[in-house]
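# can you look at this prediction? I've put the sequence above it.
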Amino acid sequence: MTAELVRGQNHPLPGNRLEIRVSAGTPVVAAVTLGDEAGRVVADGPWLAHPGEPHLVGVEVPRQAAAEHRLAVDLAAMPPAVHRVHVLLALPGAGARPGAPADFGAAPAPHLAVTTPDGTAIAGFTITGLSAETALLAVELYRRQSAWKVRAVGQGYQGGLPALFLDQGVPDATEAATAIHTAAHHEQSRSIPAPAPVPPRSPAPGGRPSPGAAGPRDGAPAPGSPGAAHGGAIAPASGAAAGRGGAESRGGAIPPAPSGAGSAGGTPPAGGGVDYRHPRRHSSPPPAGQGAVPPAQPPAGQATPAQAPQARGPVAGDAAGGSMEERLYNQVWGMFEDLARTVAAYRSAADFAESRFEQELDRLLADPRTRGGPAAEAAREEAQARQAALVDQARLVLDRDLAQLAAEAEVVDPALPPEFAGWENPAWHAYRVPDTLPLAVRLGSLSLPEAPELRIPLLSRLPLERGLWVDSAEHRRAAMDTAVAVAARLLASHPVGTFAVHALDPAGSGAAAFAPLYAGGALVLPPPAAGMAGVSGLLTRLTERVDLIQMARRGGVADDLPPGFDTAEQLLIVNEFPYGFDDRSVNQLRYLADEGPSAGVHLLLVADREDAAAYGPVLDPLWRSLLRLTPLPSDHLCDPWVGHAWTYEPPTVPPGSRVLTDVLGRLAAARPAFGP
Amino acid sequence: MTVNMTKGQKISLSKSDGGSLTAVRMGLGWQAAPRRGLFGSRTREIDLDASAVLFADKQPVDVVFFRHLTSDDGSVRHTGDNLVGGVGQGGDDESIIVDLTRVPVHVDQIVFTVNSFTGQTFAEVQNAFCRLVDETNGQELARYTLTGGGAYTAQIMAKVQRGQGGWTMTAIGTPANGRTFQDLIPAILPAL
């Protein structure tokens, strides 16, 4: 049975010899890289198969860009150092052909089918939700406990192959990408004269997924005897040689040239002006036999033979909802609830065991006959054993549930859209400024001491319903960095022009932390020199704004605000509250905390409660109304079901990562198109 | 195949195919008995409530009823209060769903009770039944009819009990008096 995978899902592979069918509806280049356990390309030995160097040990890719491809893979032939086989797709480049799509957003969603050599479909994967990406890590085959599995990745890269290669640790990424594109282009020019509908290339003997063969997606259910043939596809010697050469020369190119498009429905793949796009795409039934591996293939023994297909594992998006985003949101909350409950079950069992033990002990002690002596000792030990047994039993159940949740997290995490994902998630590489407001934004992650490795995203609905307070009591600079990371997330989650950020930093102490926001032009900051006047001026403007919007609402004329009124949501970051605030400003801030969220004005306070101690209890309602975030992990958040104290971790940008700057840069780049 | 249970009868909840049950639902259904009145046959509203009490070593550790619809660990859920009964004319009016795989390990018995919250006795209730359904496929495992309720306002219906080979269900059928489950605890204890 074919499994239709969603992003992040994996699936066991029944055998080592596979064929991967790509149908993209538009000419794409297909390439394969070999990676180590961490997903970086293997350093010693060939690691790239692309149209210019189509053979590697155990891998063959097409020589051209095409709308449909077949790639042959023999996992048994993989050197021991190889733990992942990445299948990449890239657009040959906008200039390659008139009418070619500039990015995957303009092309039909690519579909990949993993099949056995005899054509039995194993898994299919349609890569949806792409936009400005020009290169994709489509799927990866990876070793898991000596067996191979396939994972639907679907990770797009706006920066194209160079960005993708950079992610895989290729030293000279740009060069490698160029080589691929050059090779693809070269092949393409050679291939153009190909006659129209390419006859179904039988996948049979020798069947290597040759370029252009893509043709008849269904036509070719080749008669090929499974596994019989073997052919160029995986030919050891030449493949190896070619591969190595590629590696040395330039890190490897990947782009298959477009050709074969014609087959998809008979459009003649002729020279200029031909529309290569083929909206009709099937999840093609696997083609038949791909070459068998020559017997002498080296590390044959190391890949274990197919694993029996296992029970279907967890799936990303396995929850109610109209869109994938909503399903993921609900799934994350479902996991949150499951984790809360299973830990509650464990804790209640452990508590019960404890209290039962104490009761039994009390009973023993209360009775003079059982208070001492060997009998008492034995009874005591028995009670203790009963306690331990119950706790062990509870632990077993907990471990079972945690394992299930961990498996679910493993598939959900890669499927998360950037707004739901941590900064370290590669989803941010494919970040683009959203067109519509996403459902929610991640404000950090939550975990419980029983399962510290299970981090549940803390998702908050947008627009925010309450203000945020980053507690700077422990670490002022870290608090500012957290606030900036949160503000950047909020910015990145709003369409251009619908979110404005103001900051009050009367002492100027936050200048360094604000720099990334400031550089992108996202931040409106009164100069620190403005001091109290600056604070009061900004607060007065925002207060009047809230008042105006509320009046308009009450009057039923919410759509009738003055012309030129900026309808964007406003975020006010306040550093070192209450420094620079007079009584009037404090009152305005309290007003904004209460009335702001419903009128689109949100607070992000960076403050140490001690600093405001002089105000006494009058500010308590303000603190209570804000969601407290901490720059360092801290267990102060409760869940709504059983009230565990969850350890909150802020959305910190990994050290050395440029993701924050990159994302803000993309935002800044998108802004001019929408006017100032 | 539905088993009509009689008082004290035990039924193993392992499935006929050897697998054990993962989720069961205790369904409660009733209709108010028609009484002759000046304007002919009319009924009075009767509010029966289903509750489930979770016991560990004969100590009540949690309860699921109309004011606490989900047990603290989430394994036992009440689908909501029904104040009048008879909606489905024979269907379940209140349900309690037990996810047996998620019941905390220390909980070894779950007792289902029925109370008449409005205080009418079971003599005024018609067609009252309690049934146990395999929630995964909707198959009825056991049905217990509330006959001979007599002048009581409560009944301890049944219990599911954790044993060596999985869960078993025992029909109890002890009448009692009380408007909510708290009143029943003394009556439940002998049945454990």
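All right, it came through fine. Everything numeric here is computed off the predicted structure, so don't read it as measured data. Numbers count the residues shown, from 1 in each chain, chains lettered A, B, ... in the order given.
# how about the contacts made by the nearest residue to B:Leu54 once chain neighbours are set aside?
Spatial nearest neighbour of B:Leu54, chain neighbours left out: B:Asp62 (4.3 Å); criterion: CB to CB, 6 or more residues apart in numbering or on different chains. (Each C-beta comes from the backbone N, C-alpha and C, glycine too.) By CB atoms under 8 Å, 6 or more residues apart in numbering or on different chains, the contact set of B:Asp62 is A:348, B:53-54, B:71-73, B:76, B:107.
# could those residues go into JSON lines alongside pLDDT, secondary structure and distance to A:Leu454?
Below are these laid out as JSON lines (pLDDT from 0 to 100; DSSP: H, G, I helix; E, B strand; the rest coil; distance: CB to CB, whole Å):
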{"residue": "A:Ser348", "pLDDT": "90", "secondary structure": "helix", "distance to A:Leu454": "19"}
{"residue": "B:Val53", "pLDDT": "92", "secondary structure": "strand", "distance to A:Leu454": "32"}
{"residue": "B:Leu54", "pLDDT": "93", "secondary structure": "strand", "distance to A:Leu454": "26"}
{"residue": "B:Ser71", "pLDDT": "88", "secondary structure": "coil", "distance to A:Leu454": "22"}
{"residue": "B:Asp72", "pLDDT": "85", "secondary structure": "coil", "distance to A:Leu454": "20"}
{"residue": "B:Asp73", "pLDDT": "84", "secondary structure": "coil", "distance to A:Leu454": "17"}
{"residue": "B:Val76", "pLDDT": "91", "secondary structure": "strand", "distance to A:Leu454": "24"}
{"residue": "B:Val107", "pLDDT": "91", "secondary structure": "coil", "distance to A:Leu454": "24"}
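# give me the buried positions along the host helix or strand of the residue nearest to B:Leu54.
Assigned by DSSP states H and E, B:Asp62 belongs to strand B:59-64. The neighbour-count check on strand B:59-64 (16 or more other CB atoms under 10 Å in any protein chain shown) flags B:60-64 as buried.
# can I get it as PDB, trimmed to CA atoms?
Only the C-alpha atoms of strand B:59-64 are listed here, as PDB (Å, rounded to 0.1, in the frame of the first residue of the first chain):
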ATOM      1  CA  GLN B  59      -9.600   4.800  48.800                       C
ATOM      2  CA  PRO B  60     -11.500   7.200  46.600                       C
ATOM      3  CA  VAL B  61      -8.900   9.200  44.700                       C
ATOM      4  CA  ASP B  62     -10.900  10.900  42.000                       C
ATOM      5  CA  VAL B  63     -14.500  11.300  40.800                       C
ATOM      6  CA  VAL B  64     -16.000  12.200  37.600                       C
END
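# residues contacting the helix or strand hosting A:Ala668, please?
Using DSSP H and E, A:Ala668 sits within helix A:659-670. Around helix A:659-670, the neighbours that count as contacts under CB under 8 Å, 6+ apart are A:423-424, A:428-429, A:431-433, A:484-485, A:488, A:491-492, A:496, A:516-517, A:519-522, A:653.
# could I get the average pLDDT for it?
The predicted model assigns helix A:659-670 a mean pLDDT of 85.
# stretch A:382-401 too?
91.
# is chain B within reach of that stretch?
Yes - against chain B, stretch A:382-401 shows contacts by CB under 8 Å from any CB of the partner chain at A:390, A:393-394, A:396-397.
# how about B:Thr70: what's its closest non-neighbour residue?
B:Arg77 (5.0 Å).
# the one you found reaches B:Ile97, doesn't it?
Yes - the pair B:Arg77 / B:Ile97 is scored as a contact, 4.9 Å apart, by CB atoms under 8 Å.
# so B:Ala191 makes contact with B:Ala176?
No - applying CB under 8 Å, one finds B:Ala191 not in contact with B:Ala176, separated by 10.1 Å.
# what residues are shared contacts of those two?
Common contact partners of B:Ala191 and B:Ala176 (CB under 8 Å, 6+ apart): B:Ile156.
# these two: which is more packed in?
Neighbour count, other CB atoms under 10 Å in any protein chain shown: between B:Ala191 and B:Ala176, B:Ala176 has more, with 18 against 15.
# now the host helix or strand of A:Gln550: average pLDDT?
For A:Gln550, the element it lies in under DSSP H and E is helix A:531-554. In this model, helix A:531-554 has a mean pLDDT of 89.
# and the next element down the chain from that helix?
Sequence order places strand A:569-577 as the next helix or strand after helix A:531-554, per DSSP H and E.
# only C-alpha atoms, please: export the following helix or strand past that following strand in CSV.
Following strand A:569-577 in sequence order, the next helix or strand is helix A:583-595 (DSSP H and E). Extracted in CSV, the C-alpha atoms of helix A:583-595 (Å, rounded to 0.1, in the frame of the first residue of the first chain):
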residue,chain,number,x,y,z
ASP,A,583,2.7,59.1,37.4
ARG,A,584,0.8,60.1,34.4
SER,A,585,2.8,57.8,32.1
VAL,A,586,2.4,54.9,34.5
ASN,A,587,-1.3,55.4,34.3
GLN,A,588,-1.2,55.5,30.6
LEU,A,589,0.7,52.3,30.5
ARG,A,590,-1.8,50.6,32.7
TYR,A,591,-4.5,51.9,30.4
LEU,A,592,-2.7,50.4,27.5
ALA,A,593,-2.3,47.1,29.2
ASP,A,594,-6.0,46.9,29.9
GLU,A,595,-7.5,48.4,26.8
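# and the angle for helix A:583-595 with helix A:531-554?
With axes from the mean of the first three to the mean of the last three CA atoms, to 10 degrees as the basis, helix A:583-595 and helix A:531-554 are set at 40 degrees to each other.
# so where does the residue most central in space within chain B fall, helix or strand?
Against the mean C-alpha coordinate of chain B, by CA atoms, centre = their mean, the closest residue is B:Phe112 at 4.1 Å. Taking DSSP H and E as the criterion, B:Phe112 maps to strand B:109-116.
# now A:Pro27, what are its backbone angles?
As for A:Pro27, its main-chain torsions (degrees, to the nearest 10) stand at phi -60, psi 130.
# where does it land on pLDDT?
83.
# how far off centre is stretch A:15-33?
22 Å (CA atoms, centre = their mean, to the nearest Å).
# kindly report the same for stretch B:166-173.
Worked out by CA atoms, centre = their mean, stretch B:166-173 lies 11 Å from the chain centre.
# does any part of it sit near chain A?
No - for stretch B:166-173, no contact with chain A is found by CB under 8 Å from any CB; the gap never falls below 14.6 Å.
# go through that stretch and flag the buried ones.
For stretch B:166-173, the neighbour count (16+ other CB under 10 Å) marks B:167-173 as buried.
# okay, and which of the residues you listed map to strands?
Those of the buried residues of stretch B:166-173 mapping onto strands are B:167-173, per DSSP state E.
# now the residues you listed as JSON lines including distance to A:Ala406 and pLDDT?
Shown next, in JSON lines, are those (distance: CB to CB, whole Å; pLDDT from 0 to 100):
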{"residue": "B:Trp167", "distance to A:Ala406": "27", "pLDDT": "83"}
{"residue": "B:Thr168", "distance to A:Ala406": "33", "pLDDT": "80"}
{"residue": "B:Met169", "distance to A:Ala406": "34", "pLDDT": "78"}
{"residue": "B:Thr170", "distance to A:Ala406": "37", "pLDDT": "78"}
{"residue": "B:Ala171", "distance to A:Ala406": "41", "pLDDT": "75"}
{"residue": "B:Ile172", "distance to A:Ala406": "41", "pLDDT": "78"}
{"residue": "B:Gly173", "distance to A:Ala406": "45", "pLDDT": "75"}
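# return the closest of those residues with respect to chain A.
Using CB to the nearest CB, B:Trp167 is the member of those that lies nearest chain A, at 14.6 Å.
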